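Undergrad: Dropping the sequence and predicted coords here.
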Amino acid sequence: METVNPPKARDLATLTIKSPPFAYAHLTSTTSSPAGGSSMALDNPLDALTVRSYCTSALQQFLGATGAAISVDILAVRDENVWVRVPRPDLAAFSAALTAYSGLPRGGGVTTVLRLQACGDWLGSLLGRAEQAELWAS
Amino acid sequence: MVRLKDRYLLVNIVYTDVQPGHAKGPVSDLMLYNQPTTGELKPQHLLKAVRSEVNALFGDCGSGAVGGLQVKYLSQATSTFILRISRDHYRLVWAALSFMNRLPFKDGRPCVYRVVRVSGTIRKVEEEAVRRAKLFILAAKEEMAGKPTSGALDALLRGKEQGRSLAMVVDDDGDDLGRDDSEMGLDG
């Protein structure tokens, strides 16, 4: 009986992406009320302009003019979640600046703080991670 | 014991608000640009000005990095000073000096802070300051004598080799004892 050898698998093309140009971050906002407790419910919901001013002040305080010049793209704002994109070499500086910032006062003694939930090189895996956490939580 | 490495910056103050040819009396143009400074400039003023510029450009992170900044030498007659800064962060100070455009007083004169030498040891920087002072006097004399091309002026402005920027020369970190970890290059 003849056996037909299956054709050996061959790689037609391989591509390694060593340095992706952008890095992505997922942030959540928390508001602290003047009474001292922190609540997730927001009277005024988060919008892109607030996120933009928050990031700029955080970067300006931590890194001055060179920090404010870091290009931060706001990809999406959903309730209290924000997804942003920064050039990959600036990710470390960006996360440090956001972590060091003490919050944006929004009038009436309320401060908004953006917490860094996750950051990485690929947006798809960031989203997947968030949904995976929800799978086990609820 | 890990060695703490520094960089010493030799900086000239070049005045930009005097038109050549409008000075009182016969003064060479070179001397107009490199005038002596007025008597109130103190090391503390310079330090404060550089620190505030670094804070504006590089924020909290930058001003923390540049905390070891010192003014080692200030001469008002030659408008020259020497700064000491840690090796890893000397470029922050250099960038801040590039952005400063006035003397650090209220309504200070407009001027340019020109870094002419970076070195790992203060001895080389001092030697360079002396050498530049000699060349400056020679160039000013040649200019007043009316020579069209001045070898001393070339040496002052262009350094040891033709076309090589003087400030790009960085001396080794070695000392007299040995050169086991000598380094060359701007970002050593």
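TA: Looks like it came in fine.

Undergrad: From here on, just use CA atoms for contacts and neighbour counts.
TA: OK.

Undergrad: Tell me what residue 73 is bridged to.
TA: Looking at chain A here, since you left the chain open. Using DSSP bridges, the bridge partners assigned to residue A:73 are residue A:85.

Undergrad: not what I meant, chain B
TA: According to DSSP bridges, beta-bridge pairing links residue B:73 with residue B:82.

Undergrad: Please look at it and residue B:47 and confirm they touch.
TA: No. Applying C-alpha atoms under 8 Å as the test, residue B:73 and residue B:47 come out as separate, 11.7 Å apart.

Undergrad: any idea of the mean pLDDT in the helix or strand where residue A:59 lies?
TA: Assessed by DSSP states H and E, residue A:59 sits inside helix A:48-68. Averaged over helix A:48-68, pLDDT sits at 92.

Undergrad: do stretch B:48-58 as well
TA: Across stretch B:48-58, the average pLDDT comes to 94.

Undergrad: again with stretch A:15-22
TA: Mean pLDDT, stretch A:15-22: 88.

Undergrad: Figure out the length between the terminal residues of it.
TA: In stretch A:15-22, first residue to last residue: 18 Å (C-alpha to C-alpha, to the nearest Å).

Undergrad: quick one: contacts of that stretch?
TA: A:85, A:86, A:87, A:88, A:121 (C-alpha atoms under 8 Å, 6 or more residues apart in numbering or on different chains).

Undergrad: where exactly do the helices run in chain A?
TA: Along chain A, the stretches classed as helices by DSSP state H are A:48-68, A:91-100, A:123-137.

Undergrad: Residues touching the shortest one, excluding its own?
TA: By that I understand helix A:91-100. A:23, A:55, A:58, A:59, A:61, A:62, A:63, A:86, A:114, A:115, A:116.

Undergrad: let's go with 7 Å and repeat that
TA: Helix A:91-100 has contacts (C-alpha atoms under 7 Å, 6 or more residues apart in numbering or on different chains) with A:23, A:58, A:59, A:62.

Undergrad: quick check, nearest of those to residue A:127?
TA: The closest of these to residue A:127 turns out to be residue A:23 (C-alpha to C-alpha; 13.2 Å).

Undergrad: Could you pull up the contacting residues of the closest one?
TA: Shown in contact with residue A:23 (C-alpha under 7 Å, 6+ apart): A:85, A:86, A:87, A:88, A:91, A:120, A:121, A:122.

Undergrad: give the contact list for the first one.
TA: When you say that, I think you mean residue A:85. Applying C-alpha under 7 Å, 6+ apart, the residues near residue A:85 are A:22, A:23, A:24, A:25, A:72, A:73, A:74, A:75.

Undergrad: rewinding a little: counting neighbours, which of the contacts of residue A:23 end up buried?
TA: Listed as buried from the contacts of residue A:23 are A:85, A:86, A:87, A:88, A:91, A:120, A:121; burial here means 16 or more other C-alpha atoms under 10 Å in any protein chain shown.

Undergrad: In TSV: these, plus pLDDT and distance to residue B:92.
TA: Shown next, in TSV, are the buried ones among the contacts of residue A:23 (pLDDT from 0 to 100; distance: C-alpha to C-alpha, whole Å):
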residue	pLDDT	distance to residue B:92
A:85	95	27
A:86	95	23
A:87	95	21
A:88	93	22
A:91	93	20
A:120	89	29
A:121	89	29
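
Undergrad: farthest pair in the residues you listed?
TA: A:87 and A:120 (11.4 Å).

Undergrad: ok, now how distant is the residue nearest the centre of chain A from residue A:126?
TA: In chain A, the residue lying closest to the centroid (C-alpha atoms, centre = their mean) is residue A:25, at 1.9 Å. As for residue A:25, its distance to residue A:126 is 8 Å (criterion: C-alpha to C-alpha).

Undergrad: any common contacting residues for those two?
TA: A:118, A:119, A:120.

Undergrad: Save those residues as CSV, and put in distance to chain B too.
TA: Below are the shared contacts of residue A:25 and residue A:126 laid out as CSV (distance: C-alpha to the nearest C-alpha, whole Å):
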residue, distance to chain B
A:118, 23
A:119, 21
A:120, 23
